[in-house]
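> Requesting a structural model of the entry that follows:
(2 chains)
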Amino acid sequence: MKKPVVVLKRGIFIAALIPAAVLVYYAVQGDLTANPIEFITHFTGDWAIRFLVITLAVTPIRRVTGWNQIIQLRRMLGLFAFFYATLHFLTWFVLDWFFDFRQMAEDIGKRPFITLGMATFVMLLALAVTSTQGSVRRLGKRWTQLHRLIYVAACTALLHFWLARKTVVPQFQVVLVAAVVLLGFRAWWTLRTRTRAQARASIAH
Amino acid sequence: MFIRKAPDLRYSEITPKSLYLRRREFLQTAAGAAIGAAAVAAASPFAASVAAQQKPQGTVHGAKLANVKKSPLSTTGEKLTPFDDVTSYNNFYEYGPYKEDPKENAWRLKPRPWTIQVDGYAEKKGTFGFDEFTQPYALEERVYRMRCVEAWSMVIPWVGIPLKDIIATYKPTSQAKYVEFVTAFNPAQMPGQSTRMLPWPYVEGLRMDEAMNPLAILAVGLYEETLPNQDGAPIRLVVPWKYGFKGVKSISKIRFVDYQPKNTWQVMTPNEYGFFANVNPAVDHPRWSQASERRIGEFFRRKTLPFNGYADQVASLYAGMDPKKLY
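Numbering: from 1, shown residues only, chains lettered A, B, ... in the order given. I've put the predicted structure just below:
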């Protein structure tokens, strides 16, 4: 009998590939709307930011439920955020601008939403590259510090999403609320742990 | 020991049959919201509501329009954007914020009977039925490029009436400096209007000389058919040298005014959208470049033309004006 978390991990791995499969299915069916490049851009971007938010949920769920094994899902979920972010980036790089480096460089420099998107992707890239067990061992304490970048990446990703659209779309509201709740939980938890530690320290004196 | 057991199902919990029968539509709507959907779905007017009408399936074609004459003002040498793309990829926030929403939701609109109110500085004023409003004129086919402010474009064979001919009928006075157009306000038929996405109803306007330019038309059809609801039935503005958002849809009011109308997108985001909204590759949108565009159906971007390629006919309207202020 496998451990429940292992079974769950496999199930989530397959489930996390469903959006990509759906996209391929739409493409085969010729069902990518009148503007396929825009559709693919939004589709992959939506899933990248959703997985980013889902990844942020792992630790709060662990704290609330006390189910520590769930932490074993975190790296995989984070890598799926990176996977969809990579597809999103490649859509822009290949399909949208077709390697027009001059235009892309100009866009990154001139347009805050592209700058933020690019910055988010670079951060996720750094996190993905250092996500191996070896990196965790080698970087030690600095690994934890480096991987706090996920909070920055979540914020830049949300700003990027917000600036990319003409109006506030419902999709944005959903991820915004989820991210605010999850980041708020982190802030509250950190604050609480610190005040308790201080209280304990003062009692000891 | 006697344990009192509550009934498994109370009558109040039984789903009404009408809702049950529409469960697939509800599920589709809910699935669209995916993660964390509950909060949004509950607040969304696009979620299933018990409407009296039934949604038709598949592509809906309008009635064939008779006696449409080809206009020499049509753009030539361009491949037409297919009917299915023109009617499935729309910005029409009255039906939702996504491009596929108008086709999905616009069946709720009843384009007849329809009235258009003409008001303001004009000799002839009043409220006119659609037929009364449109019948005096011959219908013309005008093939125009349509350039959206979002940097995509189409080529559409509109059927319409020159705006200058309509304006002449109502004899605006010398006090009339601008024409203001207002979309119908009817949240029951246009569910987006019960959200706060944009200030409703949608307003657009033209300076009088722009409105009198021969290229400006009020369209009542496309591809020789009556205008599909999602494209702005029954009557909409088409000004091909301006960004698409100037083309106010489902018009119910026309006013001759002495002030520059506050058009909706300008009210919404004044630093990004102005009154003139002339297509200009040299003036970027603050968040993206306007130098190029993607023609629907094509892979590579193409260069955007000044005034969307209609500079010969319209550039003189803006002589002496700073093009940087014409966004």
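> going forward, measure contacts between C-alpha atoms and count neighbours the same way
Noted.
> ranges for the helices of the chain?
Going with chain A. Applying DSSP state H to chain A gives helices spanning A:4-29, A:36-65, A:74-90, A:101-110, A:112-129, A:133-139, A:141-147, A:149-164, A:170-204.
> wait, I meant chain B there
In chain B, the helices defined using DSSP H lie at B:17-21, B:23-33, B:37-43, B:83-86, B:101-105, B:130-134, B:163-170, B:208-211, B:264-268, B:311-314.
> related to what we said a few turns ago, among the helices of chain A, which is the most enclosed?
helix A:74-90 (a mean of 21; mean count of other CA atoms under 10 Å in any protein chain shown).
> Spell out whether that one and chain B are in contact.
No. Using CA under 8 Å from any CA of the partner chain, helix A:74-90 never reaches chain B; the gap is at least 14.5 Å.
> what packs against that helix?
helix A:36-65, helix A:112-129 (3 or more CA pairs under 8 Å, 6 or more residues apart in numbering or on different chains; DSSP states H and E).
> looking at the ones you listed, which is closest to B:Lys177?
Minimum separation from B:Lys177 across the helices and strands packed on helix A:74-90 (CA to CA) falls at helix A:112-129, 38.2 Å.
> Find the centremost residue of the chain, please.
Here I'm looking at chain A. For chain A, the residue whose C-alpha lies nearest the mean C-alpha position (CA atoms, centre = their mean) is A:Leu52; its distance is 2.1 Å.
> meant chain B actually
Taking CA atoms, centre = their mean, the centroid of chain B lies closest to B:Lys249, which sits 3.7 Å from it.
> ok so, going back, is it possible to get CSV of the helices of chain A that adds mean pLDDT?
As requested, these are exported to CSV (pLDDT from 0 to 100):
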stretch, mean pLDDT
helix A:4-29, 93
helix A:36-65, 94
helix A:74-90, 96
helix A:101-110, 85
helix A:112-129, 95
helix A:133-139, 91
helix A:141-147, 92
helix A:149-164, 94
helix A:170-204, 87
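> so can I have TSV of those helices showing distance to B:Met197?
Rendered in TSV, the data for those read as follows (distance: least, CA to CA, whole Å):
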stretch	distance to B:Met197
helix A:4-29	28
helix A:36-65	19
helix A:74-90	26
helix A:101-110	27
helix A:112-129	21
helix A:133-139	46
helix A:141-147	36
helix A:149-164	14
helix A:170-204	10
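> Quick one: closest of those to B:Glu225.
The minimum distance between B:Glu225 and those falls on helix A:36-65, with 26.4 Å, by CA to CA.
> ok, which residues in chain A are in contact with chain B?
If contacts are counted using CA under 8 Å from any CA, the residues of chain A sitting beside chain B are A:33-35, A:50, A:95-98, A:107, A:111-113, A:163-164, A:167-171, A:174, A:178.
> follow-up on the earlier one: quick check on the residue nearest to the centre of chain B: phi, psi?
Dihedral angles phi and psi of B:Lys249 (degrees, to the nearest 10) take the values phi -110, psi 160.
> now the strands for chain B?
Counting by DSSP state E, the segments of chain B that form strands are B:68-70, B:115-120, B:126-129, B:139-147, B:152-162, B:178-183, B:203-207, B:217-222, B:225-226, B:236-238, B:251-257, B:292-295, B:302-303.
> Out of those strands, which is closest to B:Asp322?
Evaluated with CA to CA, the strands of chain B place strand B:203-207 nearest to B:Asp322, the distance being 16.0 Å.
> The closest one: partners in the sheet, and parallel or antiparallel?
Strand pairing for strand B:203-207, determined by DSSP bridges: strand B:178-183 (antiparallel).
> tell me the mean pLDDT over the strand it pairs with?
Averaging pLDDT along strand B:178-183 yields 98.
> who's in contact with A:Leu73?
By CA atoms under 8 Å, 6 or more residues apart in numbering or on different chains, the contact set of A:Leu73 is A:Lys9, A:Val58.
> if I look at it, how far off is B:Asp119?
Relative to B:Asp119, A:Leu73 is positioned 65 Å away (criterion: CA to CA, to the nearest Å).
> Same question for A:Val174.
From A:Val174 over to B:Asp119 the distance is 43 Å, taken as CA to CA.
> start to end distance for stretch B:155-169?
For stretch B:155-169, the first-to-last residue distance is 30 Å (CA to CA).
> With stretch B:211-219 instead?
This stretch, stretch B:211-219, spans 14 Å end to end (CA to CA).
> and if you look at stretch A:85-96?
Taking CA to CA, the first and last residues of stretch A:85-96 lie 15 Å apart.
> Quick check: nearest residue in space to the residue of the stretch 151-300 of chain B found nearest chain A, chain neighbours excluded?
Using CA to the nearest CA, the closest approach of the stretch 151-300 of chain B to chain A is made by B:Arg287 at 5.5 Å. If you skip the residues right next to it in sequence, B:Arg287 has A:Arg111 as its closest partner in space, 5.5 Å away by CA to CA, 6 or more residues apart in numbering or on different chains.
> Any idea how many residues pack against that neighbour?
Residues contacting A:Arg111 under the criterion other CA atoms under 10 Å in any protein chain shown number 16.
> ok, now how distant is it from A:Gln103?
Look at A:Arg111 and A:Gln103: by CA to CA, they are 11 Å apart.
> same question, A:Ala85
To A:Gln103, A:Ala85 is 21 Å away according to CA to CA.
> what does stretch B:252-272 rub up against?
Outside of stretch B:252-272, the residues that reach it under the criterion CA under 8 Å, 6+ apart are B:114-122, B:172, B:175-184, B:198-200, B:202-207, B:245, B:273-275, B:285-286, B:327.
> Kindly report the same for stretch B:78-87.
A:33-34, B:59, B:103, B:154-157, B:223, B:228, B:230-231, B:296-297.
> try 7 Å
If you take CA atoms under 7 Å, 6 or more residues apart in numbering or on different chains as the criterion, stretch B:78-87 is touched by A:Ala34, B:Lys103, B:Met154, B:Val155, B:Ile156, B:Gln230, B:Asp231, B:Ile296.
> and the third one, how many neighbours?
Using other CA under 10 Å, B:Met154 has 21 neighbouring residues.
> Could you tell me which residues make contact with the residue lying closest to it once chain neighbours are set aside?
Excluding the flanking residues, the one nearest B:Met154 by CA to CA, 6+ apart is B:Met146, at 5.1 Å. In this structure, B:Met146 makes contact with B:Ser153, B:Met154, B:Val155, B:Pro240, B:Gly244, judged by CA under 7 Å, 6+ apart.
> go with 10 Å
Taking CA atoms under 10 Å, 6 or more residues apart in numbering or on different chains as the criterion, B:Met146 is in contact with B:152-156, B:238-244, B:247, B:279, B:295, B:308.
> re earlier: could you provide the helices and strands packed on helix A:74-90 in JSON lines, with additional columns for distance to A:Leu146?
Compiled in JSON lines, the helices and strands packed on helix A:74-90 are given as follows (distance: least, CA to CA, whole Å):
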{"stretch": "helix A:36-65", "distance to A:Leu146": "15"}
{"stretch": "helix A:112-129", "distance to A:Leu146": "8"}
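> looking at the ones you listed, which is closest to B:Pro323?
Between B:Pro323 and the helices and strands packed on helix A:74-90, the shortest gap by CA to CA is with helix A:112-129, which sits at 24.0 Å.
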